[in-house]
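K.L.:
This is a predicted model, with the sequence first.
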Amino acid sequence: MSEIVVYEPVAPVADASSKSGARFDNLEGKVVGFIDNAKPNFNPLVDDLAELLKSRYGVADIVKHRKPGQVPVAEGVLQDMVQRCDAVVTGSGD
């Protein structure tokens with residue numbers, strides 16, 4: 001008889017000591033950054049989200065950075081985002 005190995009595809013629960021980012025009661029007056037990872041359709045998605053965040057949630061400004069491809073974001077860009085933004089969204093859109 002052969003042995004069958006079954007793996008459970010569940011990620012481990014995060015350690016309670018891990019730190020999460022700042023929480024906001026609302027986004028009014030905040031600056032939101034987007035790091036576009038150059039995947040198809042993410043740029044138009046960011047444009048739509050930026051408009052929605054400003055018109056519906058009172059976001060003061062949007063900062064966008066588009067990476068040249070599927071590479072890590074440059075340290076200088078990260079530092080710029082930290083200095084200029086209250087929150088940053090990264091993502092993909094295929």
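P.N.:
Happy to help now that I have it. Numbering: from 1, shown residues only.

K.L.:
check contacts around V46.
P.N.:
F34, D36, K64 (CB atoms under 8 Å, 6 or more residues apart in numbering). C-beta coordinates here come from the backbone N, C-alpha and C atoms, glycine included.

K.L.:
where's the first one, which helix or strand?
P.N.:
Spelled out, that is F34. strand 31-36 (DSSP states H and E).

K.L.:
tell me how far that strand is from the chain's mean position?
P.N.:
Chain-centre distance of strand 31-36: 7 Å, with CA atoms, centre = their mean, to the nearest Å.

K.L.:
now stretch 1-8
P.N.:
The answer for stretch 1-8 is 38 Å, by CA atoms, centre = their mean.

K.L.:
can you list contacts of it?
P.N.:
Counting by CB under 8 Å, 6+ apart, no residue outside stretch 1-8 touches it.

K.L.:
Return, as residue ranges, the portions of the protein with sub-threshold pLDDT.
P.N.:
The chain contains residues with pLDDT under 70 at 14-21, 92-94.

K.L.:
try it again with 80
P.N.:
Within the chain, the stretches with pLDDT under 80 are 1, 9, 11-22, 91-94.

K.L.:
can you map out the strands along it?
P.N.:
Per DSSP state E, the chain carries strands over the ranges 31-36, 61-66, 87-91.

K.L.:
which of the ones you listed is buried the deepest?
P.N.:
Most buried of the strands of the chain, by mean neighbour count (mean count of other CB atoms under 10 Å): strand 31-36, with a mean of 20.

K.L.:
Each with direction, which strands does that one pair with?
P.N.:
strand 61-66 (parallel), strand 87-91 (parallel) (DSSP bridges).
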